[in-house]
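In: Sequence below, structure please.
(chains A and B)
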There are 2 protein chains.
Amino acid sequence: MAPPKCSFTYFNGRGRGEQIRWLFVQAGAEWEDRRIEQDAWPELKPKAPTGALPFIEVAGKAIGQSGAVAMYVARENGLLGSSNLEAAQIHMLWECTQDALNAMFKAMFCKDSDKQAAMFNDYYTQSLPKLIKLMAAHLKGGRDWLIGNKVSMADLVTVCLLENYTDGPGLAAIEAEPSVKALIERVKNLPNIKKWIATRPASQF
Amino acid sequence: MAPPKCSFTYFNGRGRGEQIRWLFVQAGAEWEDRRIEQDAWPELKPKAPTGALPFIEVAGKAIGQSGAVAMYVARENGLLGSSNLEAAQIHMLWECTQDALNAMFKAMFCKDSDKQAAMFNDYYTQSLPKLIKLMAAHLKGGRDWLIGNKVSMADLVTVCLLENYTDGPGLAAIEAEPSVKALIERVKNLPNIKKWIATRPASQF
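Out: Numbering: from 1, shown residues only, chains lettered A, B, ... in the order given. Predicted coordinates for the structure are as follows:
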């Protein structure tokens, strides 16, 4: 039985949303990509299940918090591995990806330009290389996918971060890990993902 | 079949660990409560799966990141609701609990005493009441448990936070929501939890 149709609500940008969009896209799921503009957010906020974006609405329920949304969509669509232990490993890599993403957002929203530069440096030289090394450890021994023997949410969300928010020393960290570089190409060449990247709506961030 | 035996490693304190210990305790699971002292941490850190605590070891695998650990333990032990949608709602409440816990830790580790006071004030007057209101919304209509018709990880982790890290205006926020106050008593009087609270190892935090 196909999973019930979800609507996915996020700003008209990549940010915390794109990684979850890739799950729907890879699965070939039926979903609605609801993109709202910044000026529509204050009116919507009180109706969001936890006062934040992204959230999904499915089967009459609204689920907020990006980890809860991602894990739900992944499980419904066969992207959470083959066992509870694989699901846990995938979840671990999700949270490591969010640690890096949080460091990036902290820098992006910092209003003091000196502190901001230090935060971006921290993201590119610490947070991102830490994630890349962890990915390389999971790919050791010539493995094609981070967890288990097929593409999972772990591959999609890590590569989505690296595709969107890598620069300078982050790029060098990828160059230093050929297995990660190859994974990025492998994921970006999945037919559904490749088509999505080529045709997704343009956005400012 | 009983789930495989887990060892659970965290500092000898409550912090981010106690909420997961409550899952093992409520389930009556076979588990090892590995508590390490602060001075043993530098030596262990490189062996931790993501360089952080808590983590579990089970079936030859190590899983880090507290969300991944909590969801794994809950799923293995029947504390993740009756459907994927209930699991997602439980996960959402977990992440809201971590948002509050993160605000508390940010305050606790702040070294500037003026900023620290402001951060604790923010935790007690914003983060904690936000979580308490969300809990009250889920208990509306005289419900006994936050999600579904039986105790779940959502009840255990929210009440664990409120039991450990509530004071001043946080207590007033609980008083204002009788359904949340009743849930706290309901969870603390679950026989396994009650016994654990009475007999758990003493710790400094």
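
In: Ranking helices and strands of chain A by mean pLDDT, which lands last?
Out: helix A:169-175 (a mean of 89; mean pLDDT, DSSP states H and E).

In: Convert the C-alpha atoms of that one to CSV, please.
Out: Output in CSV follows, covering the C-alpha atoms of helix A:169-175 (Å, rounded to 0.1, in the frame of the first residue of the first chain):
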residue,chain,number,x,y,z
PRO,A,169,38.1,24.4,3.6
GLY,A,170,35.0,22.3,3.4
LEU,A,171,35.7,21.5,-0.3
ALA,A,172,39.3,20.6,0.7
ALA,A,173,37.9,18.2,3.3
ILE,A,174,35.8,16.5,0.6
GLU,A,175,38.8,16.3,-1.7
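
In: how about that helix: buried residues?
Out: Using 16 or more other Cβ atoms under 10 Å in any protein chain shown as the test for burial, helix A:169-175 gives A:170, A:173, A:174. (Glycine included, C-beta is placed from N, CA and C.)

In: And for stretch A:48-64?
Out: Using 16+ other Cβ under 10 Å as the burial criterion, the residues of stretch A:48-64 that qualify are A:49, A:50, A:52, A:53, A:54, A:55, A:56, A:57, A:58, A:62, A:63, A:64.

In: List the residues that contact the fifth one.
Out: Okay, so that is residue A:54. A:8, A:9, A:10, A:16, A:17, A:20, A:64, A:66, A:69 (Cβ atoms under 8 Å, 6 or more residues apart in numbering or on different chains).

In: Highest neighbour count among those residues?
Out: Among those, residue A:69 has the most neighbours (other Cβ atoms under 10 Å in any protein chain shown), with 30 neighbours.

In: now, which of the buried residues of stretch A:48-64 lie within strands?
Out: Counting by DSSP state E, the part of the buried residues of stretch A:48-64 found in strands is A:55, A:56, A:57, A:58, A:62, A:63, A:64.

In: and the gap between the fourth one and residue A:154?
Out: What that stands for is residue A:58. Applying Cβ to Cβ, to the nearest Å, the value for residue A:58 to residue A:154 is 22 Å.

In: tilt between the longest helix anywhere in chain A and helix B:84-108?
Out: Taking DSSP state H as the criterion, chain A has its longest helix at helix A:84-108. With axes from the mean of the first three to the mean of the last three Cα atoms, to 10 degrees as the basis, helix A:84-108 and helix B:84-108 are set at 50 degrees to each other.

In: Tell me the first helix or strand C-terminal of helix A:84-108.
Out: With elements assigned by DSSP states H and E, the helix or strand that comes after helix A:84-108 is helix A:113-122.

In: Hey, what's the angle from that following helix to helix A:84-108? Just curious.
Out: Going by the same axes, to 10 degrees, helix A:113-122 makes 150 degrees with helix A:84-108.

In: and the following helix or strand past helix A:113-122, how far out from the chain's middle?
Out: Sequence order places helix A:128-139 as the next helix or strand after helix A:113-122, per DSSP H and E. Mean C-alpha position of helix A:128-139 versus that of the full chain (Cα atoms, centre = their mean, to the nearest Å) differs by 15 Å.

In: what does helix A:128-139 rub up against?
Out: For helix A:128-139, using Cβ under 8 Å, 6+ apart, the contacting residues are A:89, A:93, A:96-97, A:99-100, A:146-147, A:154, A:158, A:161-162, A:165-166, A:169-170, A:173-174, A:176-177, A:179-180, A:183, B:50-51.

In: From those residues, keep the buried residues only.
Out: Buried among the contacts of helix A:128-139 by 16+ other Cβ under 10 Å: A:89, A:93, A:96-97, A:99-100, A:146-147, A:154, A:158, A:161-162, A:165-166, A:170, A:173-174, A:177, A:179-180, A:183, B:50.

In: For the least confident helix or strand of chain A, enumerate the helices and strands it packs against.
Out: Contacts defined by 3 or more Cβ pairs under 8 Å, 6 or more residues apart in numbering or on different chains; DSSP states H and E place helix A:169-175 against helix A:128-139, helix A:178-188.
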